[in-house]
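J.: Please work out how this folds:
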Amino acid sequence: MPSRKPSAGALTPRGRRTSLHGLLAAYTVSLFGTRLTMIALPWLVLVTSGSAAETGLVAFCEAVPLVIGKTLAGPLIDRVGSRPFAVFADLVSAVVVGLVPLCYWLDALPYGALLVLSAAIGVARGPGDVAKRTMTPEVAEQAGIPLERASGLVGTLERLAGTAGPAAAGALIAALSPLWAMTANALCFVVSAALIALTGPRARRGPQPAAEAATESEAVAGAGTEGEPERYLDRLREGIRFLRQDRLLRSIAVMLSVTNLVDAAYGSLLIPVWAKEVGGGPAAIGALGSVFGIAAVGGSALATAFAAKLRRRPTYVIAFLIAGPPRFLVMAFHLPLWVVLVVAVGDGLAIGFVNPILNAVMLERIPRTLLGRVSALTDSVGSAGVPLGPMLAGAAVTAAGLVPVLFACAGLYLASTVLPALRPHWRELDARPASGEPTVAPAQVPDDRSASARTPTAATTAAETAPGTSA
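T.: Residues are numbered from 1 along each chain as shown. Reported below is the predicted structural model:
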């Protein structure tokens, strides 16, 4: 019999995996580089100015624009496509990060200019991260793997980058200088852009699945009577409307905002204060970070293998019961360091199961034509508390002391993660679409939209699901 050649545009088994491997490699390289700058930039300010206040202001100037950039980038990601936007954002990030050492070496880096460059780093990096994440559903489909597994792979590599990046930054700073660490970060962004450009999924052509064809009709319906492209503000409003009218999606975004605020306070302020007051100093901080980082990598790897086979809501609840209040309570009761480290191991293993679940639910739920703007909005809401966490915790510790703040953080974590998940609509977290279509309930579509423009469902009884970012 004559051999059958693949049709034009068809992907070979090897080709189906190329986009997945390229995305994972790009995500890892860019995150690794980002971790270099997260250590190098504050250290550069601290050693050149000697001012902790100026160092904190630089971090604040990067964090706030990062959140705003994520919010505003969503409609642009949907308009131009995740792949070209991610390439552009990484190249801009490379230029902006590279300007810091270049200007310093040229003796043209006053503190005001450094604040502006820090803000530009945040504006470019945040949207680039969102654009990469929005490619996950398509590369998972091409590779033929569940979204939980694809999200788990991303989470595992993120944990690896988070563990290896600071160590590499410390080595580069000690051997050379923080300027060379930032130069390495700029090169990492260039490599990431090249990987996305070469291996990222191209725009689809030919027949589309029914769900995506319907969401394309939705976009056209919202574009105007003459078929002109949607205006930017219309796209942004549509994303806000989708997020506002989905109670599960909305509640998870708020939950992430609270947990990220507490986590930022925990990592940046509460751990150092605890280490100073209880004993152990920097060695205890380093041991705690290393133990948690290694355990988190293991947890993410386990989630990659098993999360797709587990019921989502029970797994989520159990994971946050282990990863939430206990780490604050062991510090509040002044338990020995070895107990704190054991709890940190359980924390890392458990938290690895949360992000694959939440990210998979978000990517399943949101229609492809809205994925950029809704993902960006959810991510920005979830990150909104990060700049405030250390400042609020510092004021609270000054006013009330460390132990009451640790107890308050444990209660806040329990109230924001586990208790809401006991509400009836969170049972729908266990829903999985049968054919990869968005699991959007008809009742959640805006009432002012025509029937032909409403978001399709995988089935009329499809359950609500929700998004997730980093927890």
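J.: what residues are up against residue 296?
T.: 159, 162, 163, 348, 349, 351, 352 (CB atoms under 8 Å, 6 or more residues apart in numbering). Using the backbone N, CA and C atoms, a C-beta is placed for each residue, glycine as well.
J.: Find the pair from the residues you listed with maximum spatial separation.
T.: 162 and 349 (15.4 Å; CB to CB).
J.: Helices - which of the contacts of residue 296 land there?
T.: 159, 162, 163, 348, 349, 351 (DSSP state H).
J.: Just the closest of these to residue 178, please.
T.: residue 162 (18.6 Å).
J.: How much space separates that closest one from residue 425?
T.: 32 Å (CB to CB, to the nearest Å).
J.: Residue ranges in the stretch 101-250 of the chain under the pLDDT threshold?
T.: 148, 202-230 (pLDDT under 70).
J.: in it, which spans are helices?
T.: 111-133, 136-143, 147-175, 178-199, 210-221, 232-245, 247-265 (DSSP state H, counting those that start in this stretch).
J.: neighbour count winner among residue 162 and residue 425?
T.: Neighbour comparison, residue 162 and residue 425: the larger count goes to residue 162, with 20 against 14 (by other CB atoms under 10 Å).
J.: wait, isn't that one in contact with residue 36?
T.: No - between residue 162 and residue 36 there is no contact under CB atoms under 8 Å: 11.5 Å.
J.: Could you check the pLDDT of residue 339?
T.: Listed pLDDT for residue 339 reads 91.
J.: what's the answer for residue 40, then?
T.: Here the pLDDT value assigned to residue 40 is 79.
J.: check which helix or strand covers it.
T.: helix 13-49 (DSSP states H and E).
J.: Now do the helix or strand just after that helix: which elements does it pack against?
T.: Using DSSP H and E, the helix or strand that follows helix 13-49 in sequence is helix 52-80. Applying 3 or more CB pairs under 8 Å, 6 or more residues apart in numbering; DSSP states H and E, one finds that helix 52-80 contacts helix 13-49, helix 82-105, helix 111-133, helix 232-245, helix 371-383.
J.: Can you add distance to residue 273 and give the ones you listed back as JSON lines?
T.: Formatted as JSON lines, the helices and strands packed on helix 52-80 follow (distance: least, CB to CB, whole Å):
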{"stretch": "helix 13-49", "distance to residue 273": "18"}
{"stretch": "helix 82-105", "distance to residue 273": "30"}
{"stretch": "helix 111-133", "distance to residue 273": "25"}
{"stretch": "helix 232-245", "distance to residue 273": "36"}
{"stretch": "helix 371-383", "distance to residue 273": "23"}
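J.: which of the ones you listed sits most buried?
T.: Each of the helices and strands packed on helix 52-80 was scored by mean neighbour count; the highest is helix 371-383, a mean of 27, by mean count of other CB atoms under 10 Å.
J.: Which secondary structure elements does that helix sit against?
T.: Secondary-structure packing of helix 371-383 (3+ CB pairs under 8 Å, 6+ apart): helix 52-80, helix 82-105, helix 111-133, helix 232-245, helix 247-265, helix 354-365.
J.: how much does the longest one deviate in direction from helix 111-133?
T.: Helix 52-80 runs at 40 degrees relative to helix 111-133, counting by axes from the mean of the first three to the mean of the last three CA atoms, to 10 degrees.
J.: before we move on, what about the fourth one?
T.: With the same axes, to 10 degrees as the criterion, the two stretches helix 232-245 and helix 111-133 enclose an angle of 70 degrees.
J.: Quick one: residues contacting the closest residue to residue 140 other than its chain neighbours.
T.: Take residue 140 and drop its neighbours on the chain: the residue closest to it by CB to CB, 6 or more residues apart in numbering is residue 150, 3.8 Å away. Contact analysis of residue 150 by CB under 8 Å, 6+ apart lists 20, 136, 139, 140, 143, 360.
J.: got it, and residue 155?
T.: By CB under 8 Å, 6+ apart, the residues touching residue 155 are 300, 303, 304, 352, 355, 356, 359.
J.: Residue 69: which of those residues is nearest?
T.: Residue 69 lies nearest to residue 359 out of those, by CB to CB, at 19.8 Å.
J.: What's the first helix or strand after the helix or strand hosting residue 291?
T.: Using DSSP H and E, residue 291 sits within helix 281-306. The C-terminal neighbour of helix 281-306 among helices and strands, as given by DSSP H and E, is helix 312-323.
J.: Taking helix 247-265 as reference, get the angle to the helix or strand following that following helix.
T.: Sequence order places helix 325-332 as the next helix or strand after helix 312-323, per DSSP H and E. Following the same axes, to 10 degrees, one obtains 20 degrees for the angle between helix 325-332 and helix 247-265.
J.: confidence score at the closest residue in space to residue 385 that isn't next to it in sequence?
T.: Leaving aside its sequence neighbours, residue 385 sits nearest to residue 261 (CB to CB, 6+ apart; 2.8 Å). Residue 261 is assigned a predicted lDDT (pLDDT) of 87.
J.: measure residue 261 to residue 92 for me?
T.: Counting by CB to CB - residue 261 and residue 92 are separated by 28 Å.
J.: Next, the contact list for residue 396, please.
T.: By CB under 8 Å, 6+ apart, the neighbours of residue 396 are 404, 405, 408.
J.: Likewise for residue 385?
T.: By CB under 8 Å, 6+ apart, the contact set of residue 385 is 257, 258, 260, 261, 262, 264.
J.: let's see it at 7 Å
T.: 257, 258, 260, 261 (CB atoms under 7 Å, 6 or more residues apart in numbering).
J.: Angles on the backbone of it, please.
T.: phi -80, psi -10 (degrees, to the nearest 10).
J.: if you average pLDDT over stretch 352-361, what comes out?
T.: Stretch 352-361 shows a mean pLDDT of 80.
J.: Extract the C-alpha set from it and format it as PDB.
T.: Extracted C-alpha coordinates of stretch 352-361, given in PDB (Å, rounded to 0.1, in the frame of the first residue of the first chain):
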ATOM      1  CA  GLY A 352       3.000  21.700  44.900                       C
ATOM      2  CA  PHE A 353      -0.500  20.200  44.300                       C
ATOM      3  CA  VAL A 354      -2.300  23.600  44.500                       C
ATOM      4  CA  ASN A 355      -1.100  25.400  41.400                       C
ATOM      5  CA  PRO A 356      -1.600  22.600  38.900                       C
ATOM      6  CA  ILE A 357      -5.200  22.300  40.000                       C
ATOM      7  CA  LEU A 358      -6.000  26.000  39.900                       C
ATOM      8  CA  ASN A 359      -4.100  26.700  36.700                       C
ATOM      9  CA  ALA A 360      -5.800  23.800  34.900                       C
ATOM     10  CA  VAL A 361      -9.200  25.000  36.100                       C
END
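J.: can you list the domains in the chain?
T.: Dividing the chain into domains by automatic domain parsing, as the record does, gives the ranges 15-200, 213-471.
J.: Single out the most deeply packed of the ones you listed.
T.: Mean neighbour count, computed with mean count of other CB under 10 Å, is highest for domain 15-200 among those, reaching a mean of 21.
J.: From the contacts of residue 155, pick the one nearest residue 247.
T.: residue 359 (19.1 Å).
J.: Next, find the distance separating the nearest residue to that closest one once chain neighbours are set aside from residue 136.
T.: Excluding its sequence neighbours, the residue lying closest to residue 359 (CB to CB, 6+ apart) is residue 151, at 4.0 Å. When distance is defined by CB to CB, residue 151 is 7 Å away from residue 136.
J.: Sounds good, over and out.
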